[in-house]
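Enquirer: got a sequence here, can you model it:
(one chain, ligands or ions: 1)
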Amino acid sequence: MLSRAQHAGVLQMVVTGSTLASSARAIALAGAHPVTLFATAGVHPHHAGEVSATSLSELEELARRPEVVAVGECGLDYFRNFAPHATQQQAFHRQLELAQRVGKPVFLHQRDAHADFTAILREHAPRWRGVAHCFTGGGAELASYLELGLAIGITGWICDERRGAHLAALMPQIPAGRLLLETDGPYLLPRDLKPRPVSRRNEPAYLPHIAAVVARARGESLASLAGTSTAAARALFQLPQP
Ligand SMILES: [Zn+2]
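Expert: Numbering: from 1, shown residues only. I've put the predicted structure just below:
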């Protein structure tokens, strides 16, 4: 998978942790592939129930590791509601505090919870260093994230003609230094990939396909978007030059 990514020109990747265990695995991967892979450490709202005093101190230890470039993914998900809202909110508060303690950016997940999500962020700070990952919202959501100082993570959702078409019109509104590209692999295989891969598993080698769709929507060249989104990711996550 890494050599396919390299062939496609994807040289550095952030591996997302969504539980304590998967954050530890992401760190192990990043440790095995320095300068190429980096990790996040956090607890996804689906798993908010696992956040306790004990697990938070373990998470902080992970978050302080040099391989870790952001705290998350953390946030709120009222779409699936795998954890009660109050539990999700507490887990989110604790991880925002943790990010401020360790001085790393936040990697944020939000679905169907925009009002509570932005209110909690503002409670802790007026502006954040971080990314609203897998942005799928509308113009008002985009404006509020930009106002919070966040970068915007765009995935292959934009390639989905059934539910991602509205994103194309919003692409020119994202300042170049604030637009990040993501696969959200293994999920969200771009629907318009040709030829259609046999495996449904999304992976970094498909990132240039997403980049081309975003570049077209912004009316800029693929090379220009690749350059600015790479620079934006390196600046936010403080990645070394490969
Ligand atoms: Zn997510």
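
Enquirer: any regions of the chain where pLDDT drops low?
Expert: The chain contains no residues with pLDDT under 70.

Enquirer: looking at it, name the residue that lies furthest from the middle.
Expert: Distance from the C-alpha centroid of the chain, by CA atoms, centre = their mean, peaks at Pro195 (26.6 Å).

Enquirer: hang on, that one is in a strand, isn't it?
Expert: No: per DSSP: H, G, I helix; E, B strand; the rest coil, Pro195 lies outside any strand segment and is coil.

Enquirer: what about His209, how many residues nearby?
Expert: A total of 17 residues lie near His209 under the criterion other CB atoms under 10 Å. (C-beta placed from N, C-alpha, C; glycine too.)

Enquirer: three-state assignment of it?
Expert: helix.

Enquirer: which residues in this protein form strands?
Expert: 13-15, 37-41, 68-77, 106-111, 130-132, 151-154, 179-181 (DSSP state E).

Enquirer: so Ala232 sits right up against Leu179, yeah?
Expert: Yes: between Ala232 and Leu179 there is a contact at 6.2 Å, judged by CB atoms under 8 Å.

Enquirer: quick check: phi and psi on the nearest residue to Pro197 once chain neighbours are set aside?
Expert: Distances taken as CB to CB, 6 or more residues apart in numbering place Leu189 nearest to Pro197, at 7.0 Å, with adjacent residues excluded. Main-chain dihedrals, Leu189, degrees, to the nearest 10: phi -50, psi 130.

Enquirer: pick out the residue closest to the middle of the chain.
Expert: His133 (3.4 Å).

Enquirer: nearest spatial neighbour of Pro204, skipping sequence neighbours?
Expert: With CB to CB, 6+ apart, the residue lying closest to Pro204 is Ala5, at 3.9 Å.

Enquirer: count the residues that sit near the closest residue to Ala26 other than its chain neighbours.
Expert: Nearest non-adjacent residue to Ala26, counting by CB to CB, 6+ apart: Ala39, 3.7 Å away. Residues lying near Ala39 (other CB under 10 Å) number 27.

Enquirer: try Glu73
Expert: 26.

Enquirer: mind checking how far it is from His47?
Expert: 10 Å (CB to CB, to the nearest Å).

Enquirer: and Glu203, by the same measure?
Expert: Glu203 sits 23 Å away from His47, going by CB to CB.

Enquirer: contact partners for Leu207?
Expert: 5, 8, 10, 181-183 (CB atoms under 8 Å, 6 or more residues apart in numbering).

Enquirer: dump the residue contacts of the residue nearest to it when sequence neighbours are not counted.
Expert: Here the nearest residue to Leu207 in space, its sequence neighbours aside, is Val10; by CB to CB, 6+ apart that works out to 5.0 Å. By CB under 8 Å, 6+ apart, Val10 lies in contact with 204-205, 207-208.

Enquirer: now rank those by neighbours and give me the top one.
Expert: Neighbour max across the contacts of Val10 (other CB under 10 Å) = Leu207, 24 neighbours.
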